[in-house]
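Enquirer: All I have is the shape, not the residue letters:
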C-alpha cells in the first residue's frame, strides 16, 4: 500500500479554489473536521458551494457559532446544499435576504445523491418528496406502478472529513455517531482530505473493520489535540 | 370547556402503540417524550437517523461523549446490541421499510394524511432534515401534536395550507384531546381523552371527523 501525504490543515485548504464545491462531513458538527474548518475560515476562500447535512449551530442570542457555521458567518459560500438549517439563524437570514442560495434536500436523498456520485451512477430513484415542493422541476418515473423522483448524483471537488483513526495508506475508521456523511463524501469528491485523531502505520487497522478504504483518500491531516 | 395543552398525554398514548421488538424513530421535541412512557414488558429499538440503532437515554452528568448525540445534537447513549452506520445505511433502513413506526411533530396535518412540518414560507424555514424520508419510509406514521395552536386554531385540517412534508402518509394522529386514525379521507376518532368530550372535539376541530363505533373515553391524566 502506498502511504498518503500527511499535510497541515493550512496546506490542505490551499487545495480548495474559489468556486469549488466543498463537502464537509458531520451532523450538527458531530463528525466535522474542526482543524480544516478553522484553516478554511482563516484562509477566507470565497464563492464556494457547501454540501453538508446542515450548517451546525449559530444562535444570535447566545453568540454560539460552531463548525461550518463559522464559514457561513464569513460569507464564504454562494450556495449551500443541506437538509436542515433550523439550528443556524445566520443561514436562515442569508437565505431570506437573498444573499446566499440555499438548497434544501431531504436527508436520505442527500446521502444517496452523494453516494451515487461516488459510485459512478447518474442518480437515484426515490419515493421521498413525491407530491411535495421537492418534486418541482424533477422527472417523476413510474416503476411497476409506484412513483419515484429522479434525483441526480451530487459530486464535489474537495471533501473535508473527520475520522477517529487512519492508517498511513488512508484506511479509515470513525467514532460512533461521528461517521454519518463522512464515508459517502469520501466517495464523491476529486480530492479527499481527512483529519484524523490518530494516524497509525499501514497494517495496524484490521482490514475487517475498515469503513472507508484507502483508495478513496488523497491527504491526511492530524487533528489538533 | 377549557382546553389546556398537555404534551404528556400525547406521549403516554403514543407509547402504547408499539409492539415488543418494534424499530421506532422518534422525532425531535414532543415525539422524544414518547420514549419515557413505553409500557413495562415492551422493548422497542430506537433508530437515530444520524446513524445508529439502540439509542439509549441521556448519559449521567460527566459521561457525555461528543461523538454520541441524537439527531437533535443532544447527548445520548447506545444500548448493548446497538450498531453505528453511515447516513446512506441509516436512510436505507428508514426508506427500505425496516422501521416499524415513526413519530413526528407537525405544523399541520390533514384528513388526507398529508403532513406539513418543515416550512412556513417567508417566516420559518428549518428544512426537512430526515422527516420526508421518515414519513415515506416508516411502516406506520404517527403525527404527534397539541390539538390547537397558540391562537386556538385547530392543527387538524381538511387540507394543509403549508408546503407538505409528505402526501398521504400519516396513519395516526394523537393530540391531547384524542386519538385518530386517518382513513378514507377523514379523521376517525378512536379515543377521546378525559376531560374532553366527543362533542367538544367535533365542534372545535376544523376537519371531517368520523366517530368510530368503538370510540371510548380514555383517562391519561
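Expert: That came through, no problem. Note that the structure is predicted; figures quoted are calculated from it, not measured. Numbering: from 1, shown residues only, chains lettered A, B, ... in the order given.
Enquirer: Which element, helix or strand, includes the spatially most central residue of chain B?
Expert: In chain B, the C-alpha nearest the mean C-alpha coordinate belongs to residue B:103, at 2.6 Å (Cα atoms, centre = their mean). Using DSSP states H and E, the element containing residue B:103 is strand B:101-105.
Enquirer: and the gap between the closest residue to the residue nearest to the centre of chain B other than its chain neighbours and residue B:10?
Expert: By the measure of Cβ to Cβ, 6 or more residues apart in numbering or on different chains, the closest residue to residue B:103 outside its immediate chain neighbours is residue B:31, 3.9 Å from it. Where C-beta positions appear, they are placed from N, C-alpha and C, glycine not excepted. Distance of residue B:31 to residue B:10, given as Cβ to Cβ, to the nearest Å: 9 Å.
Enquirer: where do the contact lists of those two overlap?
Expert: Overlap between the contact sets of residue B:31 and residue B:10, as judged by Cβ atoms under 8 Å, 6 or more residues apart in numbering or on different chains, is given by residue B:144.
Enquirer: the helices in chain A, which residues?
Expert: In chain A, the segments counted as helices under DSSP state H are A:9-13, A:34-43, A:68-73, A:89-96, A:107-118, A:182-188.
Enquirer: Dump those into JSON lines; add mean pLDDT as well.
Expert: Listed next are those as JSON lines, based on pLDDT from 0 to 100:
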{"stretch": "helix A:9-13", "mean pLDDT": "98"}
{"stretch": "helix A:34-43", "mean pLDDT": "98"}
{"stretch": "helix A:68-73", "mean pLDDT": "98"}
{"stretch": "helix A:89-96", "mean pLDDT": "96"}
{"stretch": "helix A:107-118", "mean pLDDT": "98"}
{"stretch": "helix A:182-188", "mean pLDDT": "98"}
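Enquirer: pLDDT wise, what is the most far-flung residue of chain B relative to its centre at?
Expert: Farthest-out residue of chain B from its mean C-alpha position, per Cα atoms, centre = their mean: residue B:62, at 30.6 Å. At residue B:62 the predicted local distance difference test score is 97.
Enquirer: Can you give me the neighbour number for residue 106?
Expert: Assuming you mean chain A. Other residues within reach of residue A:106, judged by other Cβ atoms under 10 Å in any protein chain shown, total 33.
Enquirer: hmm, I had chain B in mind actually
Expert: Here the number of neighbours of residue B:106 (other Cβ under 10 Å) works out to 24.
Enquirer: ok, now which ones touch residue A:165?
Expert: The neighbours of residue A:165, taking Cβ under 8 Å, 6+ apart as the test, are A:172-173, A:196-200, A:205.
Enquirer: Quickly note the distance from it to residue A:173.
Expert: For residue A:165, the distance to residue A:173 equals 5 Å [Cβ to Cβ].
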